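Trainee: The sequence and its predicted three-dimensional model are supplied below.
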There are 2 protein chains.
Amino acid sequence: MQNMVEKVLKGDRRAISQAITLVENHPDQCAEFIGSIFRATGKAYIVGITGPPGSGKSTLVNHLALEFRKRKKKVGIIAVDPTSPFSGGALLGDRIRMDDVQTDPGVFIRSMGSRGSLGGLSRACIDAIRVLDAGGYNIILVETVGAGQSEVEIVRTAHCCCVLGIPGTGDAVQAIKAGILEIADIYVVNKSDRPGAQEIVNELKMLLSLDPNADQKGRWKIPIISTSNIDKTGIEELTETILSFHNHLNNSVEFAKDRELTRRKNEILEIIKVEFFDNILENLVNKQQWEKILNDVITKNLDPYSAAKSIMDPLFG
Amino acid sequence: MQNMVEKVLKGDRRAISQAITLVENHPDQCAEFIGSIFRATGKAYIVGITGPPGSGKSTLVNHLALEFRKRKKKVGIIAVDPTSPFSGGALLGDRIRMDDVQTDPGVFIRSMGSRGSLGGLSRACIDAIRVLDAGGYNIILVETVGAGQSEVEIVRTAHCCCVLGIPGTGDAVQAIKAGILEIADIYVVNKSDRPGAQEIVNELKMLLSLDPNADQKGRWKIPIISTSNIDKTGIEELTETILSFHNHLNNSVEFAKDRELTRRKNEILEIIKVEFFDNILENLVNKQQWEKILNDVITKNLDPYSAAKSIMDPLFG
């Protein structure tokens, strides 16, 4: 492992790839490995790109990677697909569209699906980001379907969150309802060549204007950027806006510190969750106690909520 | 609430609908509500239908519901879509295709998306099943995209799990890798009118034959059933097979008991998870301790795994 650590820190692609496999498949070894590279992390700018299936995330990420390459940044890409037990194929298809960047040694692409234990995906994704960070990638793009809670957790680990919508889907309203907009630092209307693009921009502007603190001095004003993967409209603007947000973070000490605290806390909570699920939860009570509780539930003398309470109360009061 | 309980137990559709809304949106009231209806549950036969996006789950569930109605069963349908913050529209589209059953008073349909806290979806889904069970629905079909861990948890709460694949997608292999096949009691090759249907059947037969216990006496042999939503091929066979599995459960005391214990345990674990996330996790240490820990992490004197360990060790040893 020490060998792997050294190679990762030197930016060796093969070692980085192996290290991500390690954090993905061997959670038991993560503590030691991440402990070894931890001091070399914290340099990368982590950008989350989230949006519904079919919103053109992968292609947009491809274009962004090219723009960042033009600006001499090394780019890491992590594509997270929580539905991947089935859509491994689709994801591969997405990645094939990313040919432009796949052969560039300054770009590292990795797909991650949900596997292993609940909470494991976010934890593994956070650790994969750390590996790329330690390996010298300056910008790490994390692409996720804006969906389940574990995705929201992943996005929370980013410095900058870009939320994608596309015209004609009512996504803006859905996103508001789901609280997705609340996590946006930049809103992107992708496929803006399609009919209805201006409507979604207007809708978003209206929604964003409802925030009573929107005009507060020194506060980041969430921009709405229209992009198109076809004619590359807005790609450069989005790239520059992502970089502007980085400057904003660097210049807004309080804001950046708050974010950092939240990010760090979330990272630790993720690790605790996985540990709780994998190694603690089922052993909160012993085998005999489980038998008694389950028997009481099956004979309907105890409902499941009371059963849960009887297990938790002695521990957590 | 007492009024709602009584009405649910009488099968009042409006009350059932309100009760599901309650378990979905007011987890704090679930313990009391589920406690009140718990004795009336345990009569329904719960059937999980899981498969990738686009595998025709909704339409198949529609057809199955019609078949069960012919057999004088009251049918509850819960369609779970963990990506629903964005795909609410798509799900609605799916449901419109279910016209045939939507106007039938012997059928109750409900869509559930991921919202609220992590783990909340499975917990809410399990409780919604309980509501329908207490409300007198004999068969409850739970339709999920076979994807994230929370879906696997939902399927685990079913008595019978039907896993869907479609021709030409390599789903079988993906499903194996993801451990989805391990949870199948019945394998369904849907859209079997498409090219490649026989190949996936053969592939599955081969994969299932690898199980060394496959021929054990009295053991359920996982059937592979080809269905088509177009000409309704195999729908009746699938219906009968689902009912046969129910008989198998009723006749295999040990097997059924094992399952029941696992199901009940999972239900309780779900409740504990949600409680742990929502009310316990962040308060494992106090504010001052959090500040110190986070400061140590930010200054890189403590890596996140060691931080997590320092929080958990005093509690769980």
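Mentor: Yep, it's here.

Trainee: Please make it C-alpha for all contacts and neighbour counts, starting now.
Mentor: Fine.

Trainee: Could you list the buried residues of stretch A:63-83?
Mentor: Within stretch A:63-83, the residues that count as buried by 16 or more other Cα atoms under 10 Å in any protein chain shown are A:63-69, A:73-83.

Trainee: Could you check how sure the model is about that stretch, as an average pLDDT?
Mentor: Mean per-residue pLDDT for stretch A:63-83: 89.

Trainee: what do you get for stretch A:105-113?
Mentor: Stretch A:105-113 comes out at a mean pLDDT of 86.

Trainee: again, but for stretch A:209-225
Mentor: Here the average pLDDT along stretch A:209-225 is 81.

Trainee: Same question for stretch A:129-143.
Mentor: 96.

Trainee: ok, residue A:9 to residue A:75 distance?
Mentor: According to Cα to Cα, to the nearest Å, residue A:9 and residue A:75 sit 16 Å apart.

Trainee: now residue A:196
Mentor: In terms of Cα to Cα, residue A:196 sits 33 Å off from residue A:75.

Trainee: Repeat that for residue A:27.
Mentor: In terms of Cα to Cα, residue A:27 sits 25 Å off from residue A:75.

Trainee: Dig out what the closest residue to residue A:53 other than its chain neighbours forms beta bridges with.
Mentor: Excluding its sequence neighbours, the residue lying closest to residue A:53 (Cα to Cα, 6 or more residues apart in numbering or on different chains) is residue A:145, at 6.2 Å. On the basis of DSSP bridges, residue A:145 is bridged to residue A:51.

Trainee: Among the buried residues of stretch A:63-83, name the ones in strands.
Mentor: Taking DSSP state E as the definition of strands, those contribute A:75, A:76, A:77, A:78, A:79, A:80, A:81.

Trainee: Kindly indicate which of the residues you listed lies nearest chain B.
Mentor: Nearest to chain B out of these is residue A:81 (Cα to the nearest Cα; 9.4 Å).

Trainee: Mean pLDDT per helix and strand in chain A: which one sits at the bottom?
Mentor: Here the helix or strand of chain A ranked lowest by mean pLDDT, DSSP states H and E is helix A:84-96, holding a mean of 42.

Trainee: Give me the below-cutoff pLDDT ranges for chain A.
Mentor: Residue ranges of chain A with pLDDT under 70: A:81-102, A:114-119, A:146-152, A:169-181, A:214.

Trainee: For stretch A:17-31, buried residues please.
Mentor: A:17, A:19, A:20, A:22, A:23, A:24, A:27, A:30, A:31.

Trainee: do the lengthiest helix in chain A and chain B meet?
Mentor: As assigned by DSSP state H, the longest helix anywhere in chain A is helix A:253-275. Yes - on the criterion Cα under 8 Å from any Cα of the partner chain, helix A:253-275 is in touch with chain B at A:260, A:261, A:264, A:265, A:267, A:268, A:269, A:271, A:272, A:273.

Trainee: re the thing from before, out of the buried residues of stretch A:17-31, who's near chain B?
Mentor: Near chain B, by the rule Cα under 8 Å from any Cα, you find residue A:31 out of the buried residues of stretch A:17-31.

Trainee: Dump the buried residues of stretch A:17-31 to CSV, plus secondary structure.
Mentor: Shown next, in CSV, are the buried residues of stretch A:17-31 (DSSP: H, G, I helix; E, B strand; the rest coil):
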residue, secondary structure
A:17, helix
A:19, helix
A:20, helix
A:22, helix
A:23, helix
A:24, helix
A:27, helix
A:30, helix
A:31, helix
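
Trainee: For residue A:299, state which of the buried residues of stretch A:17-31 is nearest.
Mentor: Using Cα to Cα, residue A:27 comes nearest to residue A:299 of the buried residues of stretch A:17-31, at 38.1 Å.

Trainee: Skipping its backbone neighbours, what lies nearest the closest one in space?
Mentor: residue A:124 (7.9 Å).

Trainee: That neighbour reaches residue A:26, doesn't it?
Mentor: No - using Cα atoms under 8 Å, residue A:124 is not in contact with residue A:26, being 9.5 Å away.

Trainee: need the contact list for the closest residue to residue A:237 other than its chain neighbours.
Mentor: Spatially, and ignoring its direct neighbours in sequence, residue A:237 is nearest to residue A:225 (7.6 Å; Cα to Cα, 6+ apart). By Cα atoms under 8 Å, 6 or more residues apart in numbering or on different chains, the contact set of residue A:225 is A:186, A:187, A:188, A:189, A:234, A:237, A:238.
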